[in-house]
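*Asks:* structure for this input, please:
(one chain, ligands or ions: 2)
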Amino acid sequence: MIQTKPPIYTTQHHYHKPNQKTMNNKFGMGDMLTQLGSLLASAMFVWAIIQQYFPYNIRNFFDKYSQRFFTYFYPYIQITFNELTGERFKRSEAYAAIETYLSKTSSMQAKRLKADVINNNTQPLALSMDDHEEVSDEFNGVKVYWASGKNIQKSQTISYYPNTDEKRYYKLTFHKKHRELIVGDYLNHVLKQGREIKVRNRLRKLYTNNGSLWSHVVFQHPASFQTLAMDPFKKQEIIDDLTTFSTAEEFYNRIGRAWKRGYLLYGPPGTGKSTMIAAMANFLNYDIYDLELTAVKDNTELRRLLIETSSKSIIVIEDIDCSMDLTGQRKKDTKEDEEESDNTQRSKQQMKPKENDSSASKVTLSGLLNFVDGLWSACGGDRLIVFTTNHVEKLDPALIRRGRMDKHIELSYCGFEAFKVLARNYLYLEDHVLFDKVRELLEETDMTPADVAENLMPKISPADPERCLKGLIDALMEAKEEAVKKDVLAVKNNDIKVENGSNGTV
Ligand SMILES: Nc1ncnc2c1ncn2[C@@H]1O[C@H](COP(=O)(O)OP(=O)(O)OP(=O)(O)O)[C@@H](O)[C@H]1O
Ligand SMILES: [Mg+2]
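*Replies:* Numbers count the residues shown, from 1 in each chain. Ligands and ions are numbered 1, 2, ... in the order given. The predicted model follows:
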C-alpha cells in the first residue's frame, strides 16, 4: 500500500516524525500525544533557530542533548545508513543496496526523484528519491518509513568555488515494538533484494585472458534459449538444470559441496556450442570468462587467473582437445587425427602453438583437474565451467567424469524441431507446405544448424519465405547427393583395397 506524508525537516538537520493521526489511531494515546506533539513542534522550532544562527560547536552541543530528549519520548527507532563509510570514504554497500531496493517504491511514491542512466541505454532509467524525500514500505504487515537526507559541512578553507562536503544517508524509521523483525528479517530482505536487482541491472562482462591478465569488454550477445535451435525437450532440460543450479546455494551448503557445475558441450562445428554458452550467460545473468589456455604459461598462472574470477560467472574453455596436450593417447594419434578431421578442425589445430614451441603453454592436465575440483571449489560463489569440443572421444575420461563435468550435452546436426525454431526466427514461419519436404531431407542428410540458418537468411528485402525454403531444399538435396557420392567412393576404395589384399581399415 502506498502512503506518502510530508516530512518535517529543518534547514540542515532533518528529523522525521510519523503522521500524528496514524499514531493516534494506531497506538491510542489520544490527547496526551497531541500535547506531546505540540511540545515536540515547539522544541523543533527552537532547534531550527539554533541550527540557523548558532556557531557549529554550540549547535553540536544542542544537537546532542535534543536528540536524547526526543528519543526519550519518541516511540520510534531510527537507523541511519550513510553513503560513505570507513577511513577511505568508500561507498557503502548497504547504502547502494538500499538505494536500488527503494528505486521502485521511490518512483511510485516520491515527489522529487533523481534519474540516472545505467547500462548504456540498454536498461530503463534508474530512479531514486531526491534528498529530503520520504517513502513508506511494508513488511509482514508492519509499516516502515525511509527518508533520504544529506548533512552538509561547510568547508573550512576559503575558496573561490563553493566547496561543500555532502554526506548522504538513508534513515529508516519504525515503531520500537517491531524492532526484532525490522532489524533482522526486514533489513536482510532489503539488502538481499537490493543486491539481486543490482546484479540484474549491471552490465555484464566478457573477460578474456592475455597471458595472466584478464581484460574485459561489455558482453552484449543477443543469443537466448528461445532462439537456440535444438530439440525442445533437451532445451527445457538444460534450462531446468541451470535454474535449479542457480537457486541452490542452500542445497549445496547442506550437502557440503562447492556451488559449482561443469558442462561439457560437444558436437560438430557450427552446431551451436558457443551460441549456447552465450544463451546460458544471458539466461543466468552471469559474466563470461573465456579462458584461452594456450596463452597461459603454466599451472601457477592458471591458478592465479582462476582465483581472480568472480562469482556468478561462466568459465569457458573452448576446443579443450586443441587447447592442450591432454593425454598421451592424443599425442600418439595426432597424425591420424589430422587426416580424419575436417577443414575447420584442422584450421583450429593450426592456430594453436606447436608442441615443441618454447612459448607453448605448460599447463598440464593435472593442473586443470586440480583447478576443476580442488582450488577452484574453494572460491565462494556460484560458477559454471563449460568445456567445448568437436571430438569428445579424444578427451581424457578423468577430465569429463561426473563431478567434474556434471552434464554432457551433445549438439548435433539440425533436426526438424531445430529447423522449426530457425524458420520462426528467420522467416516468422510457424508452418508451410514445404516443411514436409524439409523434414524428409533433414532426416536423410546431415546439415548443421549454422548451414540451415545461412540458407534461411533472407537474401532480398522484403524477405520471401518461400524462396528461402526452396533455397534450403536445394542445398539439402545437394548435400544429400554429395554424401551419396562420398559413400560410393568410399565403398569403391574399400573394394580396391580388399582386391589388393589390404584389410580395408584406414
Ligand atoms: N543451434 C543453433 N541455434 C541457432 N543458431 C545456431 C545454432 N547453431 C549454430 N547457429 C548459428 O551458427 C553460427 C555458428 O554457431 P556456433 O559458433 O555456436 O557453433 P559452434 O558449435 O560453437 O562451432 P565451433 O565448434 O566451430 O566452435 C552462430 O552464429 C549461429 O548463428
Ligand atoms: Mg564455438
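*Asks:* three-state assignment of residue 314?
*Replies:* strand (DSSP: H, G, I helix; E, B strand; the rest coil).
*Asks:* partners of it in the sheet?
*Replies:* Bridge pairing for residue 314 (DSSP bridges) gives the partners residue 288, residue 384.
*Asks:* can you get me a residue count around it?
*Replies:* Counted with other CB atoms under 10 Å, residues neighbouring residue 314 total 21. (C-beta placed from N, C-alpha, C; glycine too.)
*Asks:* which residues of the stretch 201-350 of the chain fall in strands?
*Replies:* 205-210, 213-218, 260-266, 287-290, 313-317 (DSSP state E, counting those that start in this stretch).
*Asks:* next, format those strands as TSV and append mean pLDDT.
*Replies:* Listed next are the strands of the stretch 201-350 of the chain as TSV, based on pLDDT from 0 to 100:
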stretch	mean pLDDT
strand 205-210	90
strand 213-218	89
strand 260-266	92
strand 287-290	94
strand 313-317	93
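*Asks:* any idea which element residue 366 lies in?
*Replies:* helix 365-370 (DSSP states H and E).
*Asks:* doesn't residue 422 make contact with residue 429?
*Replies:* No - between residue 429 and residue 422 there is no contact under CB atoms under 8 Å: 9.6 Å.
*Asks:* of those two, which one has the most company?
*Replies:* residue 422 (21 against 18).
*Asks:* doesn't the more buried one fall inside a helix?
*Replies:* Yes - Residue 422: assigned to a helix according to three-state DSSP.
*Asks:* re earlier: buried sites along the helix holding residue 366?
*Replies:* Residues 365, 367, 368, 370 are the ones in helix 365-370 that count as buried (16 or more other CB atoms under 10 Å).
*Asks:* need the CA coordinates for that helix. CSV is fine.
*Replies:* Extracted C-alpha coordinates of helix 365-370, given in CSV (Å, rounded to 0.1, in the frame of the first residue of the first chain):
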residue,chain,number,x,y,z
LEU,A,365,46.0,-32.0,-17.4
SER,A,366,46.6,-32.4,-13.7
GLY,A,367,46.8,-28.6,-13.3
LEU,A,368,43.5,-28.3,-14.9
LEU,A,369,42.0,-31.1,-12.9
ASN,A,370,43.2,-29.6,-9.7
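*Asks:* which one of the strands of the stretch 201-350 of the chain lies nearest to ligand 2?
*Replies:* In terms of CB to the ion, the element of those nearest to ligand 2 is strand 260-266, at 8.6 Å.
*Asks:* contacts for that closest one?
*Replies:* 241, 245, 273, 276-277, 280, 372, 376-377, 382-392, 395, 400, 404-411 (CB atoms under 8 Å, 6 or more residues apart in numbering).
*Asks:* neighbours around residue 307, how many?
*Replies:* 12.
*Asks:* likewise residue 200?
*Replies:* 10.
*Asks:* do the same with residue 391
*Replies:* Neighbours around residue 391, by other CB under 10 Å: 18.
*Asks:* now it: closest residue in space that isn't a chain neighbour?
*Replies:* The shortest distance from residue 391 to any non-neighbouring residue, by CB to CB, 6 or more residues apart in numbering, is to residue 321 (5.2 Å).
*Asks:* so the one you found touches residue 387, yeah?
*Replies:* No - under the criterion of CB under 8 Å, residue 321 is not in contact with residue 387, lying 9.1 Å apart.
*Asks:* and the pLDDT at the residue lying closest to residue 85 once chain neighbours are set aside?
*Replies:* Closest residue in space to residue 85, ignoring its immediate chain neighbours: residue 92 at 4.4 Å, by CB to CB, 6+ apart. Residue 92 is assigned 84 on the pLDDT scale.
*Asks:* write out the residues of the stretch 401-506 of the chain neighbouring ligand 1.
*Replies:* 411, 449, 450, 453 (CB under 6 Å from any ligand atom).
*Asks:* please redo it, this time with the cut-off set to 8 Å
*Replies:* Within the stretch 401-506 of the chain, the positions adjacent to ligand 1 are 411, 414, 418, 421, 422, 425, 448, 449, 450, 453, 454 by CB under 8 Å from any ligand atom.
*Asks:* could you do the chain as well?
*Replies:* Residues of the chain lying near ligand 1 (CB under 8 Å from any ligand atom): 223, 227-230, 265, 267-276, 278, 318-319, 344, 348, 388, 390, 411, 414, 418, 421-422, 425, 448-450, 453-454.
*Asks:* if any of the residues you listed are buried, put those into a PyMOL selection.
*Replies:* To isolate the buried members of the residues of the chain next to ligand 1 in PyMOL, using 16+ other CB under 10 Å:
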select buried, resi 223+228+229+230+265+267+268+269+270+271+272+273+274+275+276+278+318+319+348+388+390+411+414+418+421+422+448+449+453
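*Asks:* inside helices: which ones of the residues of the chain next to ligand 1?
*Replies:* 273-276, 278, 344, 348, 418, 421-422, 425, 449-450, 453-454 (DSSP state H).
*Asks:* looking at the residues you listed, which is nearest residue 197?
*Replies:* Residue 197 lies nearest to residue 278 out of those, by CB to CB, at 23.1 Å.
*Asks:* I figured that closest one hits residue 225, correct?
*Replies:* No - contact criterion CB under 8 Å: residue 278 and residue 225 do not qualify, at 10.4 Å.
*Asks:* pull out the buried residues from stretch 461-471.
*Replies:* 465, 468, 469, 471.
*Asks:* what's the burial count for the residue nearest to the first one when sequence neighbours are not counted?
*Replies:* What it means is residue 465. Nearest residue to residue 465, sequence neighbours excluded (CB to CB, 6+ apart): residue 427, at 4.2 Å. Residues within reach of residue 427, counting by other CB under 10 Å, total 19.
*Asks:* quick one: residue 427 from residue 459, how far?
*Replies:* 12 Å (CB to CB, to the nearest Å).
*Asks:* do residue 411 as well
*Replies:* Distance from residue 411 to residue 459, by CB to CB: 26 Å.
*Asks:* residue 65 too?
*Replies:* For residue 65, the distance to residue 459 - CB to CB - is 82 Å.
*Asks:* how about the residues of the stretch 201-350 of the chain by ligand 2?
*Replies:* Taking CB under 5 Å from the ion as the contact definition, the stretch 201-350 of the chain meets ligand 2 at 273, 274.
*Asks:* and the residue of the stretch 201-350 of the chain closest to ligand 2?
*Replies:* residue 274 (3.2 Å).
*Asks:* does that residue touch residue 388 like I think?
*Replies:* Yes - using CB under 8 Å, residue 274 makes contact with residue 388 at a distance of 7.0 Å.
*Asks:* which neighbours do the two share?
*Replies:* residue 318.
*Asks:* domains in this protein, by residue range?
*Replies:* 18-73, 78-199, 205-410, 416-499 (automatic domain parsing).
*Asks:* and those domains, which one's lowest on average pLDDT?
*Replies:* domain 18-73 (a mean of 67).
*Asks:* for residue 400, give me its contacts.
*Replies:* With CB under 8 Å, 6+ apart, residue 400 has these contacts: 264, 387, 392, 408.
*Asks:* hmm, 10 Å instead?
*Replies:* By CB atoms under 10 Å, 6 or more residues apart in numbering, the contact list for residue 400 reads 262, 264, 266, 320, 387, 389, 392, 406, 408.
*Asks:* the first one: neighbour count?
*Replies:* This means residue 262. Residue 262: 22 neighbours (other CB under 10 Å).
*Asks:* so the residue nearest to residue 85 sits right up against residue 86, yeah?
*Replies:* Yes - applying CB atoms under 10 Å as the test, residue 92 and residue 86 come out as touching, 8.3 Å apart.
*Asks:* about what we covered before: closest to residue 310 among the residues of the stretch 401-506 of the chain next to ligand 1?
*Replies:* Looking across these and measuring by CB to CB, the closest to residue 310 is residue 411, at 27.4 Å.
*Asks:* picking up where we left off before, got the strands of the stretch 201-350 of the chain as JSON lines, with distance to residue 297 columns?
*Replies:* Listed next are those as JSON lines, based on distance: least, CB to CB, whole Å:
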{"stretch": "strand 205-210", "distance to residue 297": "11"}
{"stretch": "strand 213-218", "distance to residue 297": "12"}
{"stretch": "strand 260-266", "distance to residue 297": "24"}
{"stretch": "strand 287-290", "distance to residue 297": "17"}
{"stretch": "strand 313-317", "distance to residue 297": "16"}
